[in-house]
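Student: Predicted coordinates and the sequence they were generated for:
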Amino acid sequence: MTRHRYEFELPHSLIEDFHRDGAICVRQLFKAQEVALLRQGIERNLANPSERAKVASRPDDPGWFFEDFCNWREFDEYRRFIFESRVGSVASQLMGGGTARLYHDHLLVKEPNTRQRTPWHQDQPYYNVEGRQNCSMWMPVDPVARASTLEFVAGSHLGPWLMPRTFLDNQARWFPEGSLADLPDIEADRSRLNILGWELEPGDAVFFHMLTLHGSGGGGGNRRRRAFSLRFLGDDMVHAPRPWNTSPEFPGLADELAAGAPMEHRLFPVLWPRV
């Protein structure tokens, strides 16, 4: 590997931390103009949600938790950020230095006074992919206090897959009930675990493995928390069609990609190396 091929070289210590803990924080990775570009895209997305959008907070919540998925082809701001920023280069380094392929984008907005937590969960069990070389990025375009930030259980990505459940009513709509172990009660005794989390400013980003247990608090007082997330696939990731609806769904993909096939498809463009 040529050491100078990357636009932004991560310190080796951060890469080691990622593989040991399953989550890292990269300070001021993105420029002010890139954050401003995402803010514009997020506001356009909020005004024009896709059919995949959902409200993840209860009707009696004084705030509002909104999510939307897979919109990079619809909003030029998202597309420019994904393809022109250094994010693909960073993902490649964390996944072993090979290909970094976009899996999907994910918008998460918690308006002021939102009570709804993001429950502890792993991401990969909700998906239609298998493999170890993957990572996700989560970056806010607003300042995020420690109490409202995304938190991670260090080292949990090295353990087993755990049962994915719906956030509001705790239902097993993916893997059959009992087929995977349930999540431990993390909040019952946080002191027994190494829980990572960082106060964040616009331009900062966290990266984590798709199997790292993570969750977050509510909106935190009168602060707005707009965050944009990207998921990346490395060289060993393959298609794993499911007999249920994944989150997000990729309708018709099972007709075009066989089980176990590399994720070489127009829906999942290569971000690194740049072509």
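Tutor: Cool, the structure landed. Because the structure is predicted, anything quoted here is derived from the model rather than measured.
Student: and the strand of greatest length in the chain, what does it pack onto?
Tutor: For the chain, the strand that runs over the most residues, judged by DSSP state E, is strand 100-110. When contacts are defined as 3 or more C-beta pairs under 8 Å, 6 or more residues apart in numbering; DSSP states H and E, strand 100-110 packs onto helix 32-47, strand 65-69, helix 76-84, helix 87-94, strand 225-233, strand 270-272. All C-beta spots, glycine's among them, are computed from the backbone N, C-alpha and C.
Student: Can you give me the buried ones in it?
Tutor: Neighbour counts using 16 or more other C-beta atoms under 10 Å place 100, 101, 102, 103, 104, 105, 106, 107, 108, 109, 110 of strand 100-110 among the buried residues.
Student: Distance from that strand to the middle of the chain?
Tutor: From the chain centre to the centre of strand 100-110 is a distance of 6 Å (C-alpha atoms, centre = their mean, to the nearest Å).
Student: Whichever helix or strand comes after it pairs with which strands, and in what direction?
Tutor: Helices and strands here follow DSSP states H and E; after strand 100-110, the next one along the chain is strand 118-121. With DSSP bridges as the test, strand 118-121 is paired with strand 214-216 (antiparallel).
Student: Surely residue 225 and residue 113 touch.
Tutor: No - counting by C-beta atoms under 8 Å, residue 225 stays clear of residue 113, with 11.1 Å between them.
Student: With neighbour numbers in mind, choose between those two.
Tutor: A direct count of neighbours by other C-beta atoms under 10 Å for residue 225 and residue 113 places residue 225 higher, at 26 against 16.
Student: quick one: strands adjacent to the longest strand of the chain?
Tutor: With DSSP bridges as the test, strand 100-110 is paired with strand 65-69 (antiparallel), strand 225-233 (antiparallel), strand 270-272 (antiparallel).
Student: Many thanks, we can stop here.
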